[in-house]
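Visitor: Pasting the sequence and the predicted model now:
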Number of protein chains: 4
Amino acid sequence: MTDRQPSRRGRPRDKRTHDAVLAATRAILLEHGYPALTIEAVAARAETARTTVYRSWPTKGELVLDAAGDDIAIGVVPDTGSTRGDLEIAVRQLTEAFSRRIVAIVMLAVIANLDDDPSMARTFRDKTVYPWRSSAAAALERGVARGDLPAETDVQFLLDVIVGTVFQRTVINAIPATDGLPAAIVDLVLDR
Amino acid sequence: MTDRQPSRRGRPRDKRTHDAVLAATRAILLEHGYPALTIEAVAARAETARTTVYRSWPTKGELVLDAAGDDIAIGVVPDTGSTRGDLEIAVRQLTEAFSRRIVAIVMLAVIANLDDDPSMARTFRDKTVYPWRSSAAAALERGVARGDLPAETDVQFLLDVIVGTVFQRTVINAIPATDGLPAAIVDLVLDR
Amino acid sequence: MTDRQPSRRGRPRDKRTHDAVLAATRAILLEHGYPALTIEAVAARAETARTTVYRSWPTKGELVLDAAGDDIAIGVVPDTGSTRGDLEIAVRQLTEAFSRRIVAIVMLAVIANLDDDPSMARTFRDKTVYPWRSSAAAALERGVARGDLPAETDVQFLLDVIVGTVFQRTVINAIPATDGLPAAIVDLVLDR
Amino acid sequence: MTDRQPSRRGRPRDKRTHDAVLAATRAILLEHGYPALTIEAVAARAETARTTVYRSWPTKGELVLDAAGDDIAIGVVPDTGSTRGDLEIAVRQLTEAFSRRIVAIVMLAVIANLDDDPSMARTFRDKTVYPWRSSAAAALERGVARGDLPAETDVQFLLDVIVGTVFQRTVINAIPATDGLPAAIVDLVLDR
DNA sequence: ACTTAAGCGAGACGGTACGTCTCGTCTTAAC
DNA sequence: GTTAAGACGAGACGTACCGTCTCGCTTAAGT
């Protein structure tokens, strides 16, 4: 994710070192959170030199997102033929993802750097939110097509409602997700 | 705001210095954001010593929240007799507040420090969110009493929907608030 | 030597730390030479922080010259009434000084930084060479007045002969100084 | 110049690269001095890889002396039949050499590394000082044989006087060499 | 009016982390 | 077997802030 064209010239990256750095990053994030994630600490934990870390990941943002890897993926909403079913799956995917410690930590990091390093937010969105969001949008549109939702439905608005509510609950208020939440959200969106 | 018992003996705090520090803090927050807010920079801008800042505000969180002062207040939802009217006012208060630059900056700071400095989040909640939230809860409960909302309504859940949606729109997605947003949210909550 | 006006404001310098740094510097210079003198090593040996060293001595040159202190002084040529006697003392002072390990090390450091940090050379000259050189010039001038040296004597040239020869012998060629050297040099200068 | 047996097997060294490195070294020495001479900079300027430099010149000293090449030669004192004439030529050769920017730079580098890298000093001596010094010694000995110098003359001492004085004047004090200097030095050595 | 506790400014202290530079070595593909 | 390319671990650089700690000076309330 980091190297553009992995250039065939010169000594290749040492995969074991590379992986050790990513593992160290994940460990520190999970154990102590993003504010404690210093390049110094990562290098020490990975038993390598600080310069080696800088070589592959010029910014902390890139390191964090690379280290998080697929652990922060949210998923893609399927098309089961049922609007309510699809949406319940969609919300469940979201609550499940936002409840994962690593996801919450990375989101807080992204927010902390929002106007400092906007590229981090962009990467996070592209890697994580976008696939879910566009497939969820498709599910809502199918619902509109089927007549389960009014024709004038503002899909993006509903997505913000869903994401915002789940974020508020699980991350900000740290309320453990229950089965009730997805149902309640879907009710809100559909039943009217 | 910070010291418990302001002891009658000795030289009293210098109000002009105190205010200069708060002004410097606000200025830096607005001009460069929270990550650039160092005690060093605040003291320099206020033309005072670092120690003077530390004396009154042991942590950056306290300083920021004290400096933001009433600029981050959201307001209290009135009782106009109309459920829809009250809620529209409530949402409008929220969008207006979250659209203020200083509020967004402080909220992002609070969230970034969520598990690093939970006291900051608590203070922010108490000073800012709680008054609005409890009065908005009252409005919803009046709505239930009036029969505008079903008896089994989960008030806290609806508040999370409202807050989460507005936060998502205005702060995360940075979509300029329009009149349509409050109406849409109220529709979502009421019409069913 | 480092602080201009020792400013009465603020916390005073910690003399023990200060002295420890100078002692560490001297020790490293004598044990490992100037190229091994890193601020890192000095701080470690003095058991203090790197920043503390930088605070008092912005450049390595200032640190070295301050640490060497009076150990690199050469002395002042006396006026005993005898031209030959004064000159022999003068040359002996020089050979003795240039034979001291600390002096040789500092001179090499000064030379290494000649065009990199000319201020170091200047300070070294002022502290060390100048007092000797001006008093030796006086001795030569007394010799001219007495008729022990020709009236047209180029005093500065003779001083360069003396300094250059001693430097060449003791520092460059590392020939242990013998009593013969001062005598030979004085003969060269006087007997003609 | 550096590698022992230039092995017949495999790809031969690229002469153009080799020369480019030496040229880059000379350029950096003249433009920025010895302290700025990093292998990094040399390789960059020669548009080659760092490793290529290391392969041919394991130490900076070898590189510098190889790059300086004949530009730091001093010359050999001729035998013209006249003691005074030979010595004047000898001193003139020395002042001319020490006045060359590249010579001064290399000499300062050699001196700065005196006890750090003694092999550099040795090589410099052998390549540069020794030919001049032994031929100048011969000139002095011819002078003794002719009776122009006393029988008990310490030839090595006089050579140190000459070298030391010229070094002091031209390199340390950076006094532009005049015709007067050689004459004055020869007078000092001969007239007595 | 005099004492005196506390605030103020200045600045030193030990410390952590930064991001960069250079080192000398090592590993690979290409020639 | 050299060359170009570039990664590697290492170490030092000089800087920015941190939060703490003296200091001498100032200020006003309480005696």
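Guide: Looks like it arrived, so ask away. Residues are numbered from 1 along each chain as shown, chains lettered A, B, ... in the order given.

Visitor: how distant is the helix or strand hosting A:Arg45 from the center of its chain?
Guide: Assigning secondary structure by DSSP states H and E places A:Arg45 in helix A:39-46. From the chain centre to the centre of helix A:39-46 is a distance of 24 Å (CA atoms, centre = their mean, to the nearest Å).

Visitor: Quick check: buried residues in that helix?
Guide: A:Ile39, A:Val42, A:Ala43, A:Arg45, A:Ala46 (16 or more other CB atoms under 10 Å in any protein chain shown). Yep, even glycine has a C-beta here, placed from its N, CA and C like the rest.

Visitor: go on, stretch A:156-174?
Guide: A:157-172.

Visitor: outside of it, which residues touch it?
Guide: Residues outside stretch A:156-174 that contact it (CB atoms under 8 Å, 6 or more residues apart in numbering or on different chains) are A:90-91, A:94-95, A:98-99, A:104, A:107-108, A:129, A:133, A:136-137, A:140, A:175, A:177, A:181, A:185, A:188-189, B:111, B:114, B:160-161, B:163-169, B:172-173, B:184-185, B:188.

Visitor: what does stretch A:102-122 give?
Guide: Identification of contacts with stretch A:102-122 by CB under 8 Å, 6+ apart yields A:26, A:29-30, A:33-34, A:37, A:59, A:61-62, A:64-65, A:68, A:71-72, A:97-98, A:124, A:167, A:170-171, B:33, B:35, B:108, B:111-112, B:114-115, B:172.

Visitor: let's see 6 Å
Guide: A:29, A:33-34, A:61, A:64, A:68, A:71-72, A:97, A:124, A:171, B:33, B:35, B:108, B:111-112, B:114 (CB atoms under 6 Å, 6 or more residues apart in numbering or on different chains).

Visitor: domain parsing for chain A?
Guide: A:15-58, A:70-190 (automatic domain parsing).

Visitor: Does the last one reach DNA strand E?
Guide: No - using CB under 7 Å from any atom of the strand as the criterion, no contacts between domain A:70-190 and DNA strand E are found, and the smallest distance is 10.0 Å.

Visitor: first vs last residue of that domain, how far apart are they?
Guide: In domain A:70-190, first residue to last residue: 31 Å (CA to CA, to the nearest Å).

Visitor: do the same with the shortest one
Guide: One end of domain A:15-58 sits 18 Å from the other (CA to CA).

Visitor: Whether that domain contacts chain D - can you check?
Guide: No - residues of domain A:15-58 are not located near chain D by CB under 6 Å from any CB of the partner chain, the shortest gap being 13.9 Å.

Visitor: How far off centre is that domain?
Guide: 20 Å.

Visitor: and it, what's its mean pLDDT?
Guide: For domain A:15-58, the mean pLDDT works out to 96.

Visitor: now check it, is it near chain B?
Guide: Yes - Domain A:15-58 is in contact with chain B by CB under 6 Å from any CB, via A:Gly33, A:Pro35.

Visitor: Spell out which residues of chain A are next to DNA strand F.
Guide: So far as CB under 7 Å from any atom of the strand goes, chain A lies against DNA strand F at A:7, A:9-14, A:17-18, A:47-52, A:55-56.

Visitor: By neighbour count, sort out the buried ones in the residues you listed.
Guide: For those, buried by 16+ other CB under 10 Å: A:Thr17, A:His18, A:Thr48, A:Thr52, A:Ser56.

Visitor: what's the helix or strand for the first one?
Guide: Under DSSP H and E, the secondary-structure element containing A:Thr17 is helix A:15-32.

Visitor: Same question for stretch A:19-35: list its buried residues.
Guide: Buried residues in stretch A:19-35 (16+ other CB under 10 Å): A:Ala20, A:Val21, A:Leu22, A:Ala24, A:Thr25, A:Arg26, A:Ile28, A:Leu29, A:Gly33, A:Tyr34.

Visitor: now for the residues you listed, which pair is the farthest apart?
Guide: A:Ala20 and A:Gly33 (20.5 Å; CB to CB).

Visitor: that older thread, just put the buried residues of helix A:39-46 in JSON lines and tack on distance to DNA strand E.
Guide: Shown next, in JSON lines, are those (distance: CB to the nearest atom of the strand, whole Å):
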{"residue": "A:Ile39", "distance to DNA strand E": "3"}
{"residue": "A:Val42", "distance to DNA strand E": "8"}
{"residue": "A:Ala43", "distance to DNA strand E": "8"}
{"residue": "A:Arg45", "distance to DNA strand E": "12"}
{"residue": "A:Ala46", "distance to DNA strand E": "13"}
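
Visitor: Of all residues in chain A, which one is closest to DNA strand F?
Guide: With CB to the nearest atom of the strand, the shortest gap between chain A and DNA strand F falls at A:Gly10, namely 2.1 Å.

Visitor: Tell me how far that residue lies from D:Pro58.
Guide: Noted for A:Gly10: a distance of 22 Å to D:Pro58, by CB to CB, to the nearest Å.

Visitor: Can you pull the phi/psi pair for A:Ala49?
Guide: phi -90, psi 150 (degrees, to the nearest 10).

Visitor: same deal with the one 10 residues further on?
Guide: Dihedral angles phi and psi of A:Thr59 (degrees, to the nearest 10) take the values phi -120, psi 160.

Visitor: what's the nearest residue to it if we skip its chain neighbours?
Guide: Residue nearest to A:Thr59 in three dimensions, not counting chain neighbours: A:Asp117, with 6.5 Å by CB to CB, 6 or more residues apart in numbering or on different chains.
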